[in-house]
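Engineer: Mind looking at a prediction? Sequence and model below.
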Amino acid sequence: MIALRRLASIQRVFLALILASCVAGSALAQSGVPVEKLLEQAKAAQAAGKLFDPEEGNAFALYIEVTEQDGAALDPKVRRLTDSMSGSGPLQQAQYALNEMFQGGLQRVEQALRDGELVDAGRIIGMLEKTQPSSPTVKRYRTNHTNALAAARAGLQSTDPLTLPALVSSRPPVYPPRALRKGVKGWVFLGFTINTNGSVSDIKVLAAEPLGTFERDSIKALQQWEFDASSKSYRAQQRFDFNLEE
């Protein structure tokens, strides 16, 4: 009789563990990509040096996504054997990686702000705010980014003297039909290189409002600009405004 009771007790514990695993699996299924798969992708991106770039698929963003999964913080006993043996589940691994990469993120933002790459700076600041929102440095960079964006919005550029080669031919960007139909206004601020043969290359979106609306047509137009040939290349900036009145 005692042996039967012990067997029944063991069965109840075993069933409880199975039920917990099923619940965990259900939560992960609802969240989309399994948390283990996200963790693998994050580690692969980190190993490849894709820490904060590209915009999609960088290690920092993937680790953040791991921490936001419902199943990431489950007791290791109801997870895979490897997790149980290590004593460190996906949540702990992701948080450790985020803390390890945080200082590098601050440096990346500082460089982006220095280069006037406000789109990248704002994107990375947003990620850092998700991990350490009370960080004084992150708050300061957010203020700097807001001020720089206001300057770009006003069309302000560097006051350093720069003699650029003469512009030979240019064309304005096409107003995106969808934005035109909806009456959307905005602007795009681009950085680019003028090559020695007068062609344009290495175009980068420094800032834009609204994001994702006018960038493609602005880049397409700027790619066709031509300057006089010169003995050296130059780094320049150009702003395109999209106003319905024009």
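Structural biologist: It's in. Just so it is clear, the model here is predicted, and its values are computed rather than measured. Numbering: from 1, shown residues only.

Engineer: contacts, neighbours, all on C-alpha from now
Structural biologist: OK.

Engineer: I'd like the distance between the residue most central in space within the chain and R123.
Structural biologist: In the chain, the C-alpha nearest the mean C-alpha coordinate belongs to E55, at 4.0 Å (C-alpha atoms, centre = their mean). Per C-alpha to C-alpha, to the nearest Å, E55 is found 8 Å from R123.

Engineer: again, but for A112
Structural biologist: Going from A112 to R123 by C-alpha to C-alpha gives 10 Å.

Engineer: can you check N58 too?
Structural biologist: 12 Å.

Engineer: What of K37?
Structural biologist: K37 is 24 Å from R123, by C-alpha to C-alpha.

Engineer: Likewise for D202?
Structural biologist: 20 Å.

Engineer: name the element the closest residue to T193 other than its chain neighbours belongs to?
Structural biologist: In this structure, T193 finds its nearest non-sequential neighbour in R235, 4.5 Å apart by C-alpha to C-alpha, 6 or more residues apart in numbering. Using DSSP states H and E, R235 falls within strand 234-242.

Engineer: do F102 as well
Structural biologist: helix 90-114.

Engineer: Just after that helix, pick out the following helix or strand.
Structural biologist: helix 118-131.

Engineer: And the next helix or strand past that next one?
Structural biologist: Next along from helix 118-131, by DSSP H and E: helix 136-153.

Engineer: By mean pLDDT, which helix or strand of this structure comes out lowest?
Structural biologist: helix 2-31 (a mean of 43; mean pLDDT, DSSP states H and E).

Engineer: shaky segments in the protein?
Structural biologist: 1-32, 70-87, 151, 154-163, 245-246 (pLDDT under 70).

Engineer: ok, 90 please
Structural biologist: Within the chain, the stretches with pLDDT under 90 are 1-36, 54-56, 68-92, 113-118, 144-171, 191, 227-228, 230, 232-239, 244-246.

Engineer: need the contact list for V174.
Structural biologist: D217, S218, A221 (C-alpha atoms under 8 Å, 6 or more residues apart in numbering).

Engineer: For the second one, what is the enclosing helix or strand?
Structural biologist: In this case it means S218. Assigned by DSSP H and E, S218 belongs to helix 215-222.

Engineer: Just give the number of residues close to the closest residue in space to G183 that isn't next to it in sequence.
Structural biologist: Closest residue in space to G183, ignoring its immediate chain neighbours: L244 at 7.0 Å, by C-alpha to C-alpha, 6+ apart. Neighbourhood size, L244 [other C-alpha atoms under 10 Å]: 12.

Engineer: For L244, which residues are in contact?
Structural biologist: Each residue near L244 by C-alpha under 8 Å, 6+ apart is listed here: L180, G183, V184, K185.

Engineer: repeat that with 10 Å
Structural biologist: Y175, A179, L180, G183, V184, K185, G186 (C-alpha atoms under 10 Å, 6 or more residues apart in numbering).

Engineer: and what of P133?
Structural biologist: I125, G126, M127, K139 are the contacts of P133 under C-alpha under 10 Å, 6+ apart.

Engineer: shouldn't the first one be in contact with R142?
Structural biologist: Okay, so that is I125. Yes - if you go by C-alpha atoms under 10 Å, I125 and R142 touch, sitting 6.7 Å apart.
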